[in-house]
Structures are given as C-alpha cells and as structure tokens.
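# can you look at this prediction? I've put the sequence above it.
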Amino acid sequence: MRIYISIFIIILFYGCNKTSNEEIIIQKTFGKELIKKDSLSIELDLGKYNTFDKLFERTSEIACNDSLSKVVIKNNNEIKSVQLVNFCWENTSCILIKRKNTIEIYNDSIYKANLSFPLDSLKSILKKDIYNYGKKFNYSSNPDKLLLYLSFDNSNIEKLTKYLNLVTSTFEKISDTIDLPIVLNEKLNTPPPPPPPLK
C-alpha cells in the first residue's frame, strides 16, 4: 500500500511542477465576420507589404474573392486574431455609411465629427460612440453600426500592428463584446465645415 501512495505522491508532484512551468496562451478573436467565417479568412503577413497602398490593395482583392483578411498579433502569452472588414469595390459605385457611425485613425490622429483628436483620446471617443445610441448627432446611432477605419501614409505602415493592438486593447476595456469592425481604408478626405455666416 505504501508503494501506491509513494507513486501517487510522485505523480502528483511531477504534474504540479509541469503545470506551473508551462505558459498559458490566451487566444482572442476580434471582428464580427471572423467568428462566423474563420475558414474563409486569409492571414496577412504584414512583413510582405512595404507600403500601405499595397496592403490595402491586397485586402480589397481578398474581399472581392468572398474571403476575409485577418492579422494575427502575438504579444507574450496572448494571440489576437483581428478580422479586417474590408469591402469589395468592384462593380460597386457607392456604399452608404453615415459618417457619424465611423471613427477614423489616420497616422497619429483620430478624426471624428470633422474634428481631429490626439491618439490618446481613443478611449473617450470609443466610449461616446458605443454608449451614444443616437443621443448626440455626431456620434454613432447604434454601437452595432460603428466602423473603425485605419489608414496610414505609405511610410507609416510599420505602425499597423501597434495600432491594431491599441484599438483592440482599448475596446476590451470599454465593452464586454469583441465585435468592433475594423476597416483598412484609403485616407478619407473630409471637406472642411462651411464657414460661419457673415453678419
């Protein structure tokens, strides 16, 4: 009987040591479409694209082939799979998206409601959009309609992983859902607001 107890103690001790030394990997998925259609998603190797224009062109090609682009980010013990909800513009003249339902990050600035904000304002802007429910005109009418556009100058493409990480981490702190659609897009040139009327 003592032999069985000794063997049990040795197995228990070995098992505990093995568990404490192994690293636990946390996997997270971001993006509405990826959860439903992961088998159709194509992982983008960001190292293959030396300009933002080429990366944008590739995401458009993928969208036009009824597939989805995703970027996988590895940070220590965490792996994030970020779905990019890009559109296919072939045979499409226009897709109507209300500007109030969008947030645009271009290089190091955030654009919302014809205003420019520093990047550290992302949390407060996301919060206003997610919890607005149509109360303020310039913010999202419904969190399910919210889109986040990311665009860069060609020289700043190396910042994409950093910004995707920032956006997903910030979103996690605000909302209990991980359905934030992120779109890679060319810079949206918003016309300036009209001048005030003359008196």
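Thanks, I have the structure now. Numbering: from 1, shown residues only.
# so, low pLDDT: which residues of the protein?
1-22, 32-39, 91-96, 177-178, 187-196, 199 (pLDDT under 70).
# can you map out the helices along it?
2-21, 32-37, 52-64, 122-130, 160-174 (DSSP state H).
# ok, how many other residues are close to K145?
Using other Cβ atoms under 10 Å, K145 is surrounded by 14 other residues. From N, CA and C alone the C-beta is placed, and that goes for glycine too.
# list the beta-bridge partners for S41.
L68 (DSSP bridges).
# pull the number of nearby residues for it.
So S41, with other Cβ under 10 Å, has 18 neighbours.
# do the same with the one 4 residues further on
D45 is flanked by 8 other residues according to other Cβ under 10 Å.
# now it: how far from S155?
20 Å (Cβ to Cβ, to the nearest Å).
# go on, F30?
26 Å.
# so which of the two has more stuff around it?
F30 (24 against 11).
# nearest residue to I157 other than its sequence neighbours?
F52 (4.6 Å; Cβ to Cβ, 6 or more residues apart in numbering).
# neighbours around that neighbour, how many?
22.
# isn't it up against K159?
No - contact criterion Cβ atoms under 8 Å: F52 and K159 do not qualify, at 9.6 Å.
# find residues that contact each of the two.
Both F52 and K159 are contacted by F152, under the criterion Cβ atoms under 8 Å, 6 or more residues apart in numbering.
# please name the nearest non-neighbouring residue to N132.
Per Cβ to Cβ, 6+ apart, closest to N132 is Y139, 4.0 Å.
# isn't that neighbour right up against A113?
Yes - counting by Cβ under 8 Å, Y139 does reach A113; the two are 7.3 Å apart.
# list the contacts for the residue nearest to I157?
F52 sits in contact with S151, F152, D153, N154, N156, I157, L160, L184, where contact means Cβ under 8 Å, 6+ apart.
# now the residues you listed in CSV, with distance to Y131 and neighbour count?
Shown next, in CSV, are those (distance: Cβ to Cβ, whole Å; neighbours: other Cβ atoms under 10 Å):
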residue, distance to Y131, neighbour count
S151, 25, 19
F152, 28, 22
D153, 32, 13
N154, 35, 13
N156, 31, 15
I157, 32, 18
L160, 28, 20
L184, 26, 22
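# now those residues as a markdown table including distance to D129?
Converted to a markdown table, the contacts of F52 look like this (distance: Cβ to Cβ, whole Å):
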| residue | distance to D129 |
| --- | --- |
| S151 | 18 |
| F152 | 21 |
| D153 | 25 |
| N154 | 28 |
| N156 | 24 |
| I157 | 26 |
| L160 | 22 |
| L184 | 19 |
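# out of those, who's nearest W89?
L184 (12.7 Å; Cβ to Cβ).
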